[in-house]
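> Sequence and computational prediction follow.
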Amino acid sequence: MPKNRDCPSAPLWAVSPNRMRLSKLLRMSRRDVLLSGMGAALAGSAAEAGEPDAQNGALAATDPLVQQFMVLSQRLTDRDALDARIGAALCMGIVQSGAERKTQLQALHTVLTKEQYASASDFARAAEKQDAALKDVIHEIMTGWYRGVANGKVVVYRSALMFDLTKDAVFPKTYAAGGPFYWTSKPPEVAKPNGLPALSPSKFVVEPT
Amino acid sequence: MSSEENLSADVVIVGSGVAGSSIANELVRAGISVIVLEAGPRVDRQHFVENFRNLENKPSYQEPFPAVPWAPHPPNQITPNEYLHTSGPDAEAYQQVYLRMIGGTTWHWAGCAWRYLPSDFELKSRYGQGRDWALKYDDLEPFYYQAEVTMGVCGPDPAVEDLGSPRKQPYPMEALPISFAAQQFRKLIDEKTPWRVVHEPQARNTRPYANRPTCEGHNNCMPICPIGAMYNGSYSVYDAEAAGAKFIPNAVVYKIERDAANKRVTAVQYFDPDKGSHRVTGKYFVIAAHCIETAKLLLVSADEQSPDGVANSSGHVGRNMMDHTGVQVTFISGDQALWPGRGPLETNVIDNFRDGDWRNERGAYLVHMVDDNQVDLATQMAIAKGYVGRELEEQIRYMAAHTVRLFSHNEALPDPNNRLTLSKTKKDALGIPHPDVYYKLPEYTVRSCEHTRKVFRELIGHMHGTEEQWTPGYFPQDHPSGSTIMGVDPRDSVVDGHCRTHDHDNLFIASSSVFSTVGTGNITLTVAALALRVADTLKKELTHA
Ligand SMILES: Cc1cc2nc3c(=O)[nH]c(=O)nc-3n(C[C@H](O)[C@H](O)[C@H](O)COP(=O)(O)OP(=O)(O)OC[C@H]3O[C@@H](n4cnc5c(N)ncnc54)[C@H](O)[C@@H]3O)c2cc1C
Ligand code: SF4
């Protein structure tokens, strides 16, 4: 459950929720320099896969971990083309969301390279079978691309894949462009899908408001 | 610290929400000088829009509006809370949210703008429950219309769809055309039930109105309309300022001074963010600081003359806390694709449970089929179910097109034990105590909610629904009211039928805090109508003087 936000005397009403979360994160990283990739980078250690650039705090699209992440993402979305810049930002968010994430991403990549999988579902099923903990990181990859969210923060809003998928019917909130009273028209019919889940179900908790 | 500046006006208003700013606008245009003291800062829409777009938990309506330290508001609806401390058997049902900033809480309202029914003002004499108001529907009718014109309300033609509140004039704007999803819901209700779906009256433009654009269907009325097609209190602030009213932001009123006889208010005092104290004198004073903060201010102002708080000789300040408690369910419809989330959020209502003889034993309610974009929820649910890749994409589309959300607004009753008091342990940055509220749902409301659940189950059946998810327990609908209750008897009420406090001749209250019962519809149009009636009284008294 997210904790209530405190009210420091900075002009908080002029700050966006993402930036507030990010600054909390930075505070945490500094406290925990050894565990955090970002802390290590700030301390000036040699570059290694998954290390954010010390200047802009971002992972480069050419970072080996990002490249593995992109391969994983293409397989898990059943899509050939995904934006590498968004991928780098998502990858960094996921790595920062937990100490075990980086090794899990690498482990997932190892599973993928061992065999040829025909679909996202085949691959996800095999990964969970190999190590049940890999399910969580798959969830995070899905959440990243489809919701545009990593580590509890918005990485992209309009460009999240969930909106690409539904753009023939609805607009992302605050971005309507359908013309006067567009909502009275009939939206597309959607057939009931018969595909099966690949992973075991996780508990779904609606975030409190 | 105390300031030397001489702040004085004919009328001093505390709070710049719909209530305070509407009064300011009316008075200043009649040549009366006005100062409005507002606890929170000046703010701008685009900032909130940006905050919303960057928000991970999009349904968290408070989060785009962070509070300032000197005027805290509840950060969310979570119990225990960091600001509004609720307790009692139904503490969670009273975890209200509101905003403290120029323009007030309507920055993130939904614009639903109902007139109450004549029976809402006479619950006691008609149904033997609760109380009667110290005014009748007819007393308020002209002010309802004035409020509708000010806010820009669209609604149906009574000859076609009579909402039960008699009107002398048509709505200022034609009803909003409802979405495809709402049309299908309406058809289903027509064909399969004895009930009806009506066009909800709403403060949303169906044509350019008051220099604001026509609604474009951004589906983000809560928490922030990106283009200002929906009215909020800031527009009345801008209008009143343009006409010469003085608004002082970051002015937290903490004391109400009276004369030696304790009959008239002489001044209010406010803190600036650095806790410098300032005194503002006037002929008349209006407290329009929202139900919770209004009662808090009266209690905080306790002194030797009024040890239980200002205007509180009855002991009823802070008592009789009410709300429209909600029941909510989300499910997947088995019928055709609806794609909710095209157009405004709340546009259609089943109004059959608003009035009837059964109100002698259970509360009335409205049912909303919420037209909320469900893409994000569908995505979260599909991921949690374990879908990936192509199968995930199919699920997202299907669930986004078929998810239905219903919620209700169920009527409470005034119970003096449901009470707001000042926190003994928690204080804000200025040293002002936080509000505590004890809440137990009246049985009247519990029975109403049980009835709603039955109706919802029936509707789910008609829509071949699956995967029902009921919001646990009862949830607050952010319509707090009753904390300075209206009545004819000064022994058991705080204000009279004109919203004048029984105890102090020149002190008025403009807020849902004066409601004698909570009524059957969202509260704000009634708040605005009562406020405009206060403005009318003040105009008469000040121009005759
Ligand atoms: C999410 C949400 C949705 C809603 N949707 C609807 C809807 O669709 N329809 C409807 O009818 N109602 C709705 N409401 C309720 C509606 O927002 C309120 O009824 C309305 O804002 C009340 O107006 P007000 O002027 O009385 O109070 P507010 O708008 O709260 O304004 C009060 C002002 O007083 C100021 N103030 C407080 N304390 C002090 C102090 N000590 N000194 C100086 N200033 C002070 C505050 O900062 C604030 O600006 C909704 C509420 C919420 C939270
Ligand atoms: S639907 Fe969009 S444009 Fe219309 S009032 Fe709501 S947020 Fe504003």
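Alright, I've got the coordinates. Numbers count the residues shown, from 1 in each chain, chains lettered A, B, ... in the order given. Ligands and ions are numbered 1, 2, ... in the order given.
> which regions of chain B sit below the pLDDT cut-off?
Within chain B, the ranges that satisfy pLDDT under 70 run B:1-4, B:545.
> meant to ask about chain A, not that
Judged by pLDDT under 70, chain A has its weakly predicted residues at A:1-47.
> Show me where it has its helices.
According to DSSP state H, chain A carries its helices in the segments A:17-31, A:37-42, A:64-77, A:84-96, A:101-114, A:120-130, A:134-142, A:161-165.
> who wins for proximity to residue B:6 among these?
Smallest distance to residue B:6 across the helices of chain A (CB to CB): 40.2 Å, for helix A:17-31. (C-beta placed from N, C-alpha, C; glycine too.)
> which one of the helices of chain A lies closest to residue B:203?
Comparison of the helices of chain A against residue B:203 by CB to CB identifies helix A:17-31 as nearest, at 26.8 Å.
> Nearest to ligand 2: which residue in chain A?
Taking CB to the nearest ligand atom, ligand 2 has its nearest neighbour within chain A at residue A:176, 6.5 Å off.
> ok, that residue - contacts?
Residues near residue A:176 by CB atoms under 8 Å, 6 or more residues apart in numbering or on different chains: A:182, B:216-219.
> close to chain A, is stretch B:247-255?
No - judged by CB under 8 Å from any CB of the partner chain, stretch B:247-255 and chain A are separated, with a smallest distance of 11.0 Å.
> Can you narrow the contacts of residue A:176 down to the ones near ligand 1?
Filtering those for proximity to ligand 1 by CB under 6 Å from any ligand atom leaves nothing.
> so where's the longest strand in chain B?
The longest strand of chain B (DSSP state E) is strand B:277-287.
> Pick the one among the contacts of residue A:176 closest to ligand 2.
Nearest to ligand 2 among these: residue B:218, at 3.1 Å, using CB to the nearest ligand atom.
> Name all residues that make contact with that closest one.
By CB under 8 Å, 6+ apart, residue B:218 lies in contact with A:171, A:173-176, B:225-227.
> neighbours of residue 114, just the number please.
No chain was given, so I picked chain A. 10 (other CB atoms under 10 Å in any protein chain shown).
> Oops, wrong one, chain B.
Neighbour count of residue B:114, defined by other CB under 10 Å: 28.
> so which helix or strand takes in it?
Element membership for residue B:114, per DSSP states H and E: none, as it lies in no helix or strand.
> picking up where we left off before, please convert the helices of chain A to a markdown table, extending it with distance to ligand 1.
Supplementary listing: these in a markdown table, determined by distance: least, CB to the nearest ligand atom, whole Å:
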| stretch | distance to ligand 1 |
| --- | --- |
| helix A:17-31 | 17 |
| helix A:37-42 | 36 |
| helix A:64-77 | 35 |
| helix A:84-96 | 29 |
| helix A:101-114 | 35 |
| helix A:120-130 | 38 |
| helix A:134-142 | 30 |
| helix A:161-165 | 24 |
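> Tabulate these (CSV), appending distance to chain B.
CSV is the format used below for those (distance: least, CB to the nearest CB, whole Å):
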stretch, distance to chain B
helix A:17-31, 4
helix A:37-42, 20
helix A:64-77, 5
helix A:84-96, 11
helix A:101-114, 12
helix A:120-130, 2
helix A:134-142, 5
helix A:161-165, 4
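> now the residue nearest the centre of chain A, nearest residue through space, not along the chain?
Taking CA atoms, centre = their mean, the centroid of chain A lies closest to residue A:144, which sits 2.3 Å from it. Setting aside the residues directly before and after it, residue A:144 is nearest to residue A:90 in space (CB to CB, 6 or more residues apart in numbering or on different chains), at 3.8 Å.
> tell me the domain ranges of chain A?
Under the assignment automatic domain parsing, the domains of chain A span A:1-52, A:58-170+A:194-209.
> burial count for the residue lying closest to residue B:334 once chain neighbours are set aside?
Nearest residue to residue B:334, sequence neighbours excluded (CB to CB, 6+ apart): residue B:464, at 3.0 Å. If you count neighbours by other CB under 10 Å, residue B:464 ends up with 12.
> Now for residue B:464: which residues touch it?
Residue B:464 makes contact with B:333-335, according to CB under 8 Å, 6+ apart.
> Then residue B:431?
residue B:275.
> What does it show for phi and psi?
Dihedral pair for residue B:431: phi 90, psi 10, per degrees, to the nearest 10.
> Against residue A:152, how distant is it?
34 Å (CB to CB, to the nearest Å).
> Then residue B:116?
Applying CB to CB to residue B:116 and residue A:152 gives a distance of 42 Å.
> With the flanking residues excluded, which residue is spatially nearest to the residue in chain A that ligand 1 sits nearest to?
Per CB to the nearest ligand atom, residue A:209 is where chain A lies closest to ligand 1, at 9.2 Å. Using CB to CB, 6+ apart and skipping residues adjacent in sequence, the residue nearest residue A:209 is residue B:60, 4.6 Å away.
> what's around that neighbour, how many residues?
Residue B:60: 21 surrounding residues under other CB under 10 Å.
> do residue B:321 as well
Residue B:321 is flanked by 29 other residues according to other CB under 10 Å.
> In contact with the closest residue to it other than its chain neighbours, which residues?
Leaving aside its chain neighbours, residue B:321 sits nearest to residue B:418 (4.3 Å; criterion: CB to CB, 6+ apart). Residue B:418 is in contact with B:88, B:94, B:319-322, B:437-440, B:482, counting by CB under 8 Å, 6+ apart.
> re earlier: who's more crowded, residue B:116 and residue A:152?
Higher neighbour count among residue B:116 and residue A:152: residue B:116, with 24 against 17, using other CB under 10 Å.
> measure the more buried one to residue A:97 for me?
Computed as CB to CB, the residue B:116 to residue A:97 distance reads 49 Å.
> Ok, residue B:195 next?
Counting by CB to CB, the gap from residue B:195 to residue A:97 is 47 Å.
> the more surrounded of those two?
residue A:97 (18 against 15).
> isn't the more buried one right up against residue A:155?
No - between residue A:97 and residue A:155 there is no contact under CB atoms under 8 Å: 11.7 Å.
> is it true that residue A:150 touches residue A:88?
No - assessed by CB under 8 Å, residue A:150 is found out of contact with residue A:88, at 10.9 Å.
> Can you give me the buried ones in stretch B:534-545?
Along stretch B:534-545, these residues count as buried under the neighbour rule (16 or more other CB atoms under 10 Å in any protein chain shown): B:534-536, B:538-539, B:542.
> Present these as JSON lines; the columns should include distance to residue B:397 and secondary structure.
Formatted as JSON lines, the buried residues of stretch B:534-545 follow (distance: CB to CB, whole Å; DSSP: H, G, I helix; E, B strand; the rest coil):
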{"residue": "B:534", "distance to residue B:397": "52", "secondary structure": "helix"}
{"residue": "B:535", "distance to residue B:397": "51", "secondary structure": "helix"}
{"residue": "B:536", "distance to residue B:397": "54", "secondary structure": "helix"}
{"residue": "B:538", "distance to residue B:397": "56", "secondary structure": "helix"}
{"residue": "B:539", "distance to residue B:397": "57", "secondary structure": "helix"}
{"residue": "B:542", "distance to residue B:397": "61", "secondary structure": "helix"}
